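Enquirer: need a structure here:
(2 chains)
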Amino acid sequence: MRPGGASAGSAQTGQQHADHLWRHTDPKPSYDAVVVGAGGHGLATAFYLAKNHGITNVAVLERGWLAGGNMARNTTIIRSNYLWDESAAIYEHALKLWEGLPEELDYDFLFSQRGVLNLAHTQQDVRDSRRRVYANQLNGVDGEWLTPDEVAKVCPILNVSPETRYPVLGATYQPRAGIAKHDHVAWAFARQCDQYGIDLIQHCEVTGFLTSGNRVTGVRTTRGDIAAGRVAMTAAGHSSVLAGTLGLRLPVQSHPLQALVSELLEPVHPTVVMSNHVHVYVSQAHKGELVMGAGVDSYNSYGQRGSVHVIEQQMAAAVELFPIFARAHVLRTWGGIVDVTPDASPVIGLTPYENLYINCGWGTGGFKATPAVGWVMAHLVATGTPHALNEPFGLDRFTTGALIDEHGAAAVAH
Amino acid sequence: MLLIRCPWCGDREETEFGYGGQAHVAYPPSAEQLSDDEWAQYLFFRDNPKGPFAERWVHAAGCRRWFNAVRHTVSNEFISVYRPGEKPAGGAA
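Expert: The predicted structure is shown next:
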């Protein structure tokens, strides 16, 4: 067995992990590059800084514990069936990286390409969905339109009866989409970063920046000041709080996003099903839990919890779509804080400070992009210029008006 | 679920309300003279504080009137609820 890896059957018996994944280090006084936030995006950024650019004098600073923020709270769905060319390019780059990542990181994090169905419940859904499938095909992204009968063949437990309140009129299907074990993804990146000599420093909150003119010279942390040649911000829900210490305003609003899991069940659900209209998305984890998410709560919050009526609506939709879920018990619910932008697309790029780079505004969909974010953020930090894949996602699009409106393909209302 | 005090109807459940984001964002007085940057700030940029936040709600399933509130974005405590044109108690906004 590979170190840290797992054989195909071990999902049922418990994962076998290496004894050692990363060192617990104290911060050094200075680094060539500091990454703020040791979630998936921060860890992937550090990994590709080392692997693609040979930059290893790097620290990843985390205010809590490694991958304990949104990386630990998401619903692990990976797909690339977005509408616009800019989104298709970056999400498909991510999906191609995912397909080679278990080997590249030498860690079987149970990436399972079980496909995703995005359901259509209204005639407008049908038109939008078919348009998206055509756009996907033109962009080399696998996608097809399925009729209700074809949907039922992919997912037999789904209720496609015309008698439901919002009947399933069809679905887009991306066969290469899937899920992965999110914690293991983080640990896989962390172990590789560690092997490159990168310092992963937990319980070290970045509280501000040291600046000189239009350059950032370091970060202020709860464990003292740390000098930095370059800084990458990958702080997710708290990006605007952190940017605010520089007087920098971001076009993001932080909202709670809730998810939940059921008790463990026999394998019943073969794919991933998402419905924007009735608003639930669900897959079955390898261990057996049904993993479900809903939309964000309407109000701004940093409280890492949300309102129960959001879960109630999500459960109502789930039970109507999947009658066999009716007797499943909810095991636990939780909330994360996501930063949403006006066009439901992320902000990845330059800031007014010439050596400070920002990655934020992923809203409800950052997990699937993890390797591509690392790839382009590493390019930004190493070269000081945007990669072609993230150039359209800069802060300047809100001034030029070149928005990338992905509210439809985001699949979660925000 | 939040319990929200409509200034006209009293305490009602959150599901009766719609959310309007940051309060007191005035339409620019000379919009035609704004630069692209200033217009972008007006359209797309809002405060996003971790703490007290002056925001708008509408009692959509009740009296259908808009009002303002100052709410703490971590604890969800409503510090103040006030009608349009009024000032919040304590002057937080």
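Enquirer: Every contact and neighbour count from this point should use C-alpha atoms.
Expert: Fine.
Enquirer: mind checking pLDDT for residue 16?
Expert: Using chain A. Looking at residue A:16, its pLDDT is 61.
Enquirer: hmm, I had chain B in mind actually
Expert: Note on residue B:16: pLDDT of 98.
Enquirer: Tell me who's in contact with it.
Expert: Residue B:16 sits next to B:59, B:60, B:61, B:62 when contact means C-alpha atoms under 8 Å, 6 or more residues apart in numbering or on different chains.
Enquirer: Dump the residues you listed into a markdown table; add neighbour count and secondary structure as well.
Expert: Shown next, in a markdown table, are these (neighbours: other C-alpha atoms under 10 Å in any protein chain shown; DSSP: H, G, I helix; E, B strand; the rest coil):
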| residue | neighbour count | secondary structure |
| --- | --- | --- |
| B:59 | 24 | coil |
| B:60 | 14 | coil |
| B:61 | 12 | coil |
| B:62 | 13 | coil |
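Enquirer: and chain B, which residues reach chain A?
Expert: For chain B, the residues in contact with chain A (C-alpha under 8 Å from any C-alpha of the partner chain) are B:1-2, B:15, B:18-19, B:21, B:36-37, B:39-40, B:44-50, B:73-76.
Enquirer: from the residues you listed, which ones fall inside helices?
Expert: Mapping the residues of chain B next to chain A onto helices (DSSP state H) picks out B:36, B:37, B:39, B:40, B:44.
Enquirer: The nearest residue to residue A:362 once chain neighbours are set aside - how many residues pack around it?
Expert: If the residues on either side of it in the chain are set aside, residue A:362 comes closest to residue A:346, at 4.6 Å by C-alpha to C-alpha, 6 or more residues apart in numbering or on different chains. By other C-alpha atoms under 10 Å in any protein chain shown, 26 other residues sit near residue A:346.
Enquirer: cool, residue A:87 as well?
Expert: Residues near residue A:87, counting by other C-alpha under 10 Å: 23.
Enquirer: Please name every helix or strand in contact with the helix or strand hosting it.
Expert: Assigned by DSSP states H and E, residue A:87 belongs to helix A:85-104. When contacts are defined as 3 or more C-alpha pairs under 8 Å, 6 or more residues apart in numbering or on different chains; DSSP states H and E, helix A:85-104 sits against helix A:370-383.
Enquirer: any idea where the strands of the stretch 51-200 of chain A begin and end?
Expert: Assigned by DSSP state E, counting those that start in this stretch, the stretch 51-200 of chain A shows strands spanning A:58-61, A:77-78, A:116-120, A:144-146, A:170-174, A:178-179, A:199-201.
Enquirer: if we compare those strands, which one ends up closest to residue A:320?
Expert: When these are compared by C-alpha to C-alpha, strand A:116-120 sits nearest residue A:320, at 13.3 Å.
Enquirer: pLDDT score assigned to the residue nearest to residue A:362?
Expert: pLDDT, read off for residue A:346, is 98.
Enquirer: Tell me the spacing between it and chain B.
Expert: Look at residue A:346 and chain B: by C-alpha to the nearest C-alpha, to the nearest Å, they are 14 Å apart.
Enquirer: you'd agree that residue is up against residue A:364?
Expert: No - judged on C-alpha atoms under 8 Å, residue A:346 makes no contact with residue A:364 at a distance of 10.1 Å.
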